[in-house]
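1. no sequence on this one, just coordinates:
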């Protein structure tokens, strides 16, 4: 398989203890993406995501739309790389 779009998204705000990771897992079932979502010790949530560029962008937009009331800021970096994830998981 060739390269895929990879995104690392860091969500800041009231994003822990509100079902953010579970909602993200449910949204992932609607898209052809792989990766994981994890709470960080500093209170942020990390979403590591890969797939075709259109799917990655649509998935990230769906998470932002569903959880917009809890998100204050999103830090996002992206690149093309060989796939590293299989499926989508909570960590």
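-> Sure, I can see it. Since the model is a prediction, treat every value here as computed from it, not as a measurement.

2. CA atoms for contacts and neighbours, from now on please.
-> Will do.

3. what comes up buried for the longest helix along the chain?
-> With residue count as the measure and DSSP state H as the assignment, the chain has helix 53-67 as its longest helix. When burial is assessed from 16 or more other C-alpha atoms under 10 Å, helix 53-67 yields the following buried residues: 53, 55-56, 59-60, 62-64, 67.

4. the helix or strand following it vs helix 53-67, what angle?
-> In the C-terminal direction, the helix or strand that comes right after helix 53-67 (DSSP states H and E) is strand 71-81. Angle, strand 71-81 to helix 53-67, by axes from the mean of the first three to the mean of the last three C-alpha atoms, to 10 degrees: 170 degrees.

5. so after strand 71-81, what's the next helix or strand?
-> Going down the chain from strand 71-81, the next helix or strand is strand 88-90, by DSSP H and E.

6. neighbouring strands - and their directions - for that following strand?
-> Counting by DSSP bridges, the strands paired with strand 88-90 are strand 33-39 (parallel).

7. please name every helix or strand in contact with the helix or strand following the partner strand.
-> The helix or strand immediately downstream of strand 33-39 is strand 45-51, counting by DSSP H and E. In terms of contacts (3 or more C-alpha pairs under 8 Å, 6 or more residues apart in numbering; DSSP states H and E), strand 45-51 is packed against strand 4-13, strand 33-39.

8. and the pLDDT at residue 2?
-> Residue 2 carries a pLDDT score of 89 in this model.

9. so what pairs up with the nearest residue to residue 75 once chain neighbours are set aside in the strands?
-> Nearest in space to residue 75, with sequence neighbours left out and distances taken as C-alpha to C-alpha, 6 or more residues apart in numbering, is residue 10 at 5.0 Å. Counting by DSSP bridges, residue 10 forms beta bridges with residue 46, residue 75.
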